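give me a model of this one.
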Amino acid sequence: MYFVDRSIAVIKPKQPFLDWLNKLPDNEVTLTLEDIRSDCTVLMVPEVNEQEDGIAYVDDMADRIFEMELASWTQDDKLWPRVRNLKTFWDWFDVEIHTVLMDSVDQDIHNSPTADHGLH
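Model (predicted):
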């Protein structure tokens, strides 16, 4: 195993995100909060020693993270909430910061831009 010089942020949707999601016109299945919080987005962030430093980094990226989370459910930004400020981000998401990241795979990590995966 290898220490990685990154920390991670787990982005967990809250009830307002679920309410928006269940109102999408093409949504054929009613999801629960448990459904959408069981397999969440995990972001590598710069290595931090304090969770507050990780939260500050997420604050700086909140617009991009918010849009990425919305786009993962619908690419039609006309269906996105109009107000997507920092307060709304924190109303819609919990964030867990984990300061230690270990790599248990003895192979290089391959990177690709989020645009290759349908994300902004």
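
if I look at Asn111, how far off is Val10?
Using C-beta to C-beta, to the nearest Å, Asn111 is found at 20 Å from Val10. C-beta here means a position set from N, CA and C on the backbone, and glycine is covered the same way.

pick out whichever of these two has more residues nearby.
Val10 (15 against 6; other C-beta atoms under 10 Å).

where's that one, which helix or strand?
Using DSSP states H and E, Val10 maps to strand 6-13.

helices and strands around that strand, which ones?
If you count contacts as 3 or more C-beta pairs under 8 Å, 6 or more residues apart in numbering; DSSP states H and E, strand 6-13 packs onto helix 33-37, strand 41-46, helix 51-71, strand 93-98.

show residues contacting the longest one.
Residues outside helix 51-71 that contact it (C-beta atoms under 8 Å, 6 or more residues apart in numbering): 7, 9, 11, 13, 17, 41, 43, 45-46, 48, 77, 80-81, 84, 86, 88-90, 92-93, 95, 97, 99, 114, 118-120.

quick one, which of the helices and strands packed on strand 6-13 is nearest to Tyr2?
Nearest of the helices and strands packed on strand 6-13 to Tyr2, taken as C-beta to C-beta: strand 41-46 at 13.9 Å.

which residue of this protein sits farthest from its center?
Distance from the C-alpha centroid of the chain, by C-alpha atoms, centre = their mean, peaks at Asp106 (26.2 Å).

and that residue, which of the three is it?
Per DSSP: H, G, I helix; E, B strand; the rest coil, the secondary structure class of Asp106 is coil.

before we move on, the earlier item: what's the closest of the helices and strands packed on strand 6-13 to Lys23?
Nearest to Lys23 among those is helix 51-71 (12.8 Å), distances taken as C-beta to C-beta.

and the closest one, how far out from the chain middle?
Put simply, helix 51-71 sits 7 Å off its chain's centre (C-alpha atoms, centre = their mean, to the nearest Å).
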